[in-house]
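Trainee: only geometry, no sequence info:
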């Protein structure tokens, strides 16, 4: 009997834990999703250094990091067209991004593509 | 569980080896599941069944052994040096949090595995931020927390059930 109550206590704390985690992360995600705005530039970072900014308004294909990654911009959206890494390619699978704060990450080549808005500072 | 300091007897050695083998197979199966969400890092973490099982059925030192050897071997077989950094940091944070929470004894295997899943993802994102030298990817923690929680529930239920059924034979 006592064991059952103790188990129920654990069940209760399990449910509270899961509930808090899901509610907090879902609401942060929803707020981010609903407040998102379309970006203007795709900023490319390799190994922590900015290597380029490309306007989302201009369609184009860009070779990044000596060609390990190929970034394409089409209809105001950026996506990773090709990557050199073997096997599963997260960056290519990420698909198209266009909202401020969205990123494409290539972990093996240390390439990050981030969408920024009009007002965000650009460094040449 | 109390004979950790004693010599590793044959039965434990065999159980441990079998668990590592199971973890490897689960890793392999997992590597064949195509990604169903376009967020890197979203995984079921099937091999965590072996880790959580080891934590409950054999004790925390065994959970560390199973997890670390599984990570090293699967990086060797299915991954690369970079993926090893992420897996190791994820596994380390997950193990640490699960072991501490198990000692506190406030959660069931489901709750502990949820914390493990979420911490695994947090560890990976922190490692990724450090390796890439950018905070731009820290936002991934949010979708990964959602997926880690759901995966943790599944893993915790499976592992908890397994422990109930198999423990008397170990």
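Mentor: Here it is on my side, so go on. This is a predicted model, so every value here is computed, not measured.

Trainee: so what's the closest residue to chain A within chain B up against?
Mentor: Per C-beta to the nearest C-beta, residue B:133 is where chain B lies closest to chain A, at 2.8 Å. The way it works is simple: take the backbone N, C-alpha and C, and place the C-beta from them, glycine included. Applying C-beta atoms under 8 Å, 6 or more residues apart in numbering or on different chains, we find residue B:133 in contact with A:47, A:48.

Trainee: just residue A:91 next, same as before
Mentor: Here residue A:91 is in contact with A:69, A:80, A:83, A:104, A:105, A:106, A:111, A:113, B:40 (criterion: C-beta under 8 Å, 6+ apart).

Trainee: residues near the first one, how many?
Mentor: As a burial measure, the neighbour count of residue A:69 was computed by other C-beta atoms under 10 Å in any protein chain shown and equals 26.

Trainee: what's across from it in the sheet?
Mentor: Per DSSP bridges, the residues bridged to residue A:69 are residue A:64, residue A:83.

Trainee: Please verify my assumption that it contacts residue A:79.
Mentor: No: counting by C-beta atoms under 8 Å, residue A:69 sits too far from residue A:79 to count as a contact (11.1 Å).

Trainee: these two touch, right, residue A:65 and residue A:113?
Mentor: No: between residue A:65 and residue A:113 there is no contact under C-beta under 8 Å: 11.1 Å.

Trainee: tell me which element the closest residue to residue B:121 other than its chain neighbours is part of?
Mentor: Spatial nearest neighbour of residue B:121, chain neighbours left out: residue B:144 (3.8 Å); criterion: C-beta to C-beta, 6 or more residues apart in numbering or on different chains. Using DSSP states H and E, residue B:144 sits within helix B:141-166.

Trainee: Report all helices and strands that that helix contacts.
Mentor: Counting contacts by 3 or more C-beta pairs under 8 Å, 6 or more residues apart in numbering or on different chains; DSSP states H and E, helix B:141-166 is packed against helix A:2-34, helix B:48-57, helix B:109-132.

Trainee: Out of those helices, which one sits most buried?
Mentor: helix B:48-57 (a mean of 26; mean count of other C-beta atoms under 10 Å in any protein chain shown).

Trainee: any idea of the angle that helix forms with helix B:109-132?
Mentor: Angle, helix B:48-57 to helix B:109-132, by axes from the mean of the first three to the mean of the last three C-alpha atoms, to 10 degrees: 130 degrees.

Trainee: what about residue B:107, which SS state?
Mentor: The local conformation at residue B:107, judged by DSSP: H, G, I helix; E, B strand; the rest coil, is coil.

Trainee: Identify the residues contacting the closest residue to residue A:110 other than its chain neighbours.
Mentor: Once flanking residues are discounted, residue A:110 sits nearest to residue A:47: 4.5 Å by C-beta to C-beta, 6+ apart. Going by C-beta under 8 Å, 6+ apart, residue A:47 touches A:110, B:132, B:133.

Trainee: Quick check, the second one in contact with residue A:109.
Mentor: No: contact between residue B:132 and residue A:109 fails when scored by C-beta under 8 Å: they sit 9.8 Å apart.

Trainee: what stretches of the chain score poorly on pLDDT?
Mentor: No chain in the question, so chain A it is. For chain A, the stretches with pLDDT under 70 are A:1-7, A:119-124.

Trainee: Hmm, no, I was thinking of chain B.
Mentor: In chain B, residues with pLDDT under 70: B:1-8, B:35-38, B:40.

Trainee: let's go with 90 and repeat that
Mentor: Chain B contains residues with pLDDT under 90 at B:1-13, B:15, B:27-45, B:47, B:74-87, B:105-107, B:128-143, B:166-170.

Trainee: Spell out which parts of it neighbour chain A.
Mentor: By C-beta under 8 Å from any C-beta of the partner chain, the residues of chain B that approach chain A are B:35, B:38-40, B:78, B:80, B:82-83, B:86, B:106-108, B:110-111, B:114-115, B:118, B:128, B:131-134, B:136-137, B:139-140, B:142-143, B:145-146, B:149, B:153.
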